[in-house]
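**Q** Here is a sequence together with a model predicted from it:
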Amino acid sequence: MSDETEAHGFGEHHQRHVRTTFQYIDKLLSEAEHTMADAGSPSPFRMHSDDTTPIQRKVTHDYILRIREAMRRVMEELNIPPSEPHSGAVWAAAINLMFCSISLNELTPERMRAYGPLSSEAADRLDGIRAELDGLVAKLRTFLGKGAGGDLQQRLQQLGKTGDEIRLLSEIERIIAAHGLVEFRGTLSMLLDRMESAAFEVGVFGRVSSGKSSLLNYILQTDVLPIGVTPVTAIPTRISHGPMAEAGIEFAEAQPEIIPLLELSEFATEQKNPGNKKHVTRIFVKLPSERLREGVTFVDTPGLGSLAVAGAEETIAYLPRCDLGIVLIDASAGLAQDDLIVVQALYQAGASAMVLISKADLFSPADREQMIAYVKANLRSQLHVEPAVHAVSIVGANAALCDRWFESELRPFLAQHHELAIASQKRKIGSLREAIVGALERTLQAAPEAISGDSAILSNEATEALRNGDRILERAQGECYAAGNH
Ligand SMILES: Nc1nc2c(ncn2[C@@H]2O[C@H](COP(=O)(O)OP(=O)(O)OP(=O)(O)O)[C@@H](O)[C@H]2O)c(=O)[nH]1
Ligand SMILES: [Mg+2]
């Protein structure tokens, strides 16, 4: 038996038994998670009463994540290969919905007559019920059918004229399609999104009520972003330069709308759009602000942490997309594990990070310094990173702290945003490339005999093409420098 199969004294049969047991535990965890999530649903077939609190749901979710992480780690240590996904989740959900449409045919008057006579009035009623449900299912099916990123191939062709790095992304797209690596489509789509918009994105993150929207209002010299003492921001809001102040709202199933900024809270806040019941997918705010002229986009995000509401998931989905993440730590709440996780996630996503301690007006200068030192020490000891840490405030004379930070840190940083955007893009494409090479290598290890001659050649060729990626990007970077200097 080879070292591969015999790890830490566990033989092949032990490994298989651990795998089957873990797989069963994983299924039970999914059921536990589903039970908690389903307790508040309006389903007429609910199995359980809703005795959960938001905190219990969040803690359950977090622990299930940790149990799954532990199982994954143990499997890695014991050389037990994880399952490769069979298909994308969106595709699987679309298939379920197709079966919903088919099942509704059970309710045609003809089928119902098999269960007893049916008056024409009852038959009409039945047609109405079916049409209503079928209409809703069909809408959802159309929405999922559009896919998260549209047709990747078509978008790549449209971008084809703009740069050499597109060649690398085209190669990646081909490999994803050829090897069914559906799990990477989302990341590729996100990278294309970024290239299409060509903006440098600064995301502002932090726990609920840490002052994210207030900070952005202050630095952009506006009051359009809604603020408040309870969770407010519900949808990530992108703010960029435009000749006039207005907002664009995109919806999952309806046409986009342009609205006056005064109406922004109708869509962007937890109070007026609770749980995002209006199905807003994106919010763009245009402002004629001087500070946006350089082509930087700021993104206000829903708060994270134990008090977070539904929008937090959107923040987590958005996070890997930004180029610079400003993480706000509320001085009055202190540093929490959630803050460290956000900083870590930014580094992992290849974004730069800056840390701000907000509401510094509530503390004396000596206490602020102590807090900065404490946060720096924690970032260093727990994450081994050393981002800049500043204390800021937007209140009264202490707002000078915010102005100083903006002028001495953020403005010079953003001045290099052309170069920074390219470097950030390069890091992000680099990490996608590494992940795909890893997935291909795992496939090869798992079943070398299953790979036919042709696809083995394709794999080598693909791996080689991906490894050449940095060189192609270097060249693209050079070209962009030249273009920027003219
Ligand atoms: N003392 C003080 N209070 C502040 C400061 N910045 C914001 N606040 C207050 O903190 C509260 C939360 O501010 P928001 O800007 O809504 O916070 P947020 O992080 O955007 O909150 P969510 O969108 O709900 O996650 C409000 O009551 C603000 O007035 C500050 O510098 N000093
Ligand atoms: Mg906010």
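**A** Received it, and whenever you're ready, just let me know what you need. Ligands and ions are numbered 1, 2, ... in the order given.

**Q** Could you check how far the helix or strand where residue 125 lies is from the centre of its chain?
**A** Counting by DSSP states H and E, the element that carries residue 125 is helix 120-145. Relative to the centre of its chain, helix 120-145 is centred 33 Å away, using CA atoms, centre = their mean, to the nearest Å.

**Q** Same check on stretch 240-252?
**A** 21 Å.

**Q** Apart from its neighbours in sequence, what residue is nearest residue 129?
**A** residue 107 (6.8 Å; CB to CB, 6 or more residues apart in numbering). Just so you know, the C-beta spots here come from the backbone N, C-alpha and C atoms, and that holds for glycine as well.

**Q** and the one you found, what is it in contact with?
**A** Listed by CB atoms under 8 Å, 6 or more residues apart in numbering, the contact partners of residue 107 are 126, 129, 130.

**Q** List just the nearest of these to ligand 1.
**A** Here the nearest of the contacts of residue 107 to ligand 1, counting by CB to the nearest ligand atom, is residue 129; it sits at 40.5 Å.

**Q** on that earlier part again, which residues in the helix holding residue 125 does the neighbour count mark as buried?
**A** 126, 130, 137, 141, 143, 144 (16 or more other CB atoms under 10 Å).

**Q** With distance to residue 433 as new columns, can those be given to me in CSV?
**A** Compiled in CSV, the buried residues of helix 120-145 are given as follows (distance: CB to CB, whole Å):
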residue, distance to residue 433
126, 55
130, 49
137, 39
141, 34
143, 31
144, 28
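
**Q** Tell me how far the spatially most central residue of the chain lies from residue 235.
**A** Among the residues of the chain, the one closest to the centroid is residue 317, at 1.2 Å (CA atoms, centre = their mean). Here the criterion is CB to CB, to the nearest Å. By it, residue 317 lies 11 Å from residue 235.

**Q** Next: residue 129.
**A** Residue 129 is 33 Å from residue 235, by CB to CB.

**Q** Tell me the one of the buried residues of helix 120-145 nearest residue 92?
**A** residue 144 (10.1 Å; CB to CB).

**Q** didn't that closest one look like it was pressed against residue 95?
**A** No: contact criterion CB atoms under 8 Å: residue 144 and residue 95 do not qualify, at 10.0 Å.

**Q** In contact with the residue in the chain that ligand 1 sits nearest to, which residues?
**A** Here the chain gets closest to ligand 1 at one residue, residue 303, 2.4 Å apart by CB to the nearest ligand atom. Residues near residue 303 by CB under 8 Å, 6+ apart: 206, 207, 208, 209, 210, 212, 231, 233, 311, 312, 315.

**Q** Can you report phi and psi for it?
**A** phi -70, psi 150 (degrees, to the nearest 10).

**Q** what do you get for the one 10 residues further on?
**A** Its backbone dihedrals place residue 313 at phi -60, psi -40, with angles given as degrees, to the nearest 10.

**Q** Tell me, how many residues neighbour it?
**A** Neighbours of residue 313 under the rule other CB atoms under 10 Å: 13.

**Q** buried residues in the helix or strand where residue 433 lies?
**A** If you go by DSSP H and E, residue 433 is part of helix 417-446. By neighbour count on 16+ other CB under 10 Å, the buried set for helix 417-446 is 417-418, 420-430, 432-433, 436-437, 439-440, 443-444.

**Q** now it, how far from the centre of its chain.
**A** The answer for helix 417-446 is 17 Å, by CA atoms, centre = their mean.

**Q** Now do the same for the residue lying farthest from the centre of the chain: its pLDDT.
**A** In the chain, counting by CA atoms, centre = their mean, residue 117 sits farthest out from the average C-alpha position, at 53.0 Å. Confidence at residue 117, expressed as pLDDT, is 94.

**Q** what about the residue lying closest to residue 300 once chain neighbours are set aside, how many neighbours?
**A** Distances taken as CB to CB, 6+ apart place residue 237 nearest to residue 300, at 4.6 Å, with adjacent residues excluded. Residues near residue 237, counting by other CB under 10 Å, number 25.

**Q** Over to residue 237: give its phi and psi.
**A** phi -120, psi 120.

**Q** Look up how far residue 315 lies from it.
**A** 11 Å.

**Q** Just to be sure, residue 354 is in a helix?
**A** No: the assignment for residue 354, made by DSSP: H, G, I helix; E, B strand; the rest coil, is strand rather than a helix.

**Q** residues in contact with it?
**A** Neighbouring residues of residue 354 by CB under 8 Å, 6+ apart: 324, 325, 326, 327, 387, 388, 390, 409, 410, 413.

**Q** and the gap between the residue nearest to the fifth one when sequence neighbours are not counted and residue 346?
**A** Which is residue 387. Closest residue to residue 387 apart from its sequence neighbours, by CB to CB, 6+ apart: residue 353 at 4.5 Å. Relative to residue 346, residue 353 is positioned 4 Å away (CB to CB).

**Q** What of residue 170?
**A** Relative to residue 346, residue 170 is positioned 28 Å away (CB to CB).

**Q** Have a look at those two and say which one is more surrounded.
**A** residue 346 (26 against 17).

**Q** Helix 417-446 and the helix or strand harbouring the more buried one, what's the angle between them?
**A** If you go by DSSP H and E, residue 346 is part of helix 337-348. Interaxial angle of helix 337-348 relative to helix 417-446 (axes from the mean of the first three to the mean of the last three CA atoms, to 10 degrees): 90 degrees.

**Q** buried sites along helix 337-348?
**A** Buried-residue list, helix 337-348, by 16+ other CB under 10 Å: 338, 339, 340, 342, 343, 344, 345, 346.

**Q** and it, what other elements does it pack with?
**A** Contact analysis of helix 337-348 by 3 or more CB pairs under 8 Å, 6 or more residues apart in numbering; DSSP states H and E lists strand 200-206, strand 324-330, strand 352-358 as its packing neighbours.
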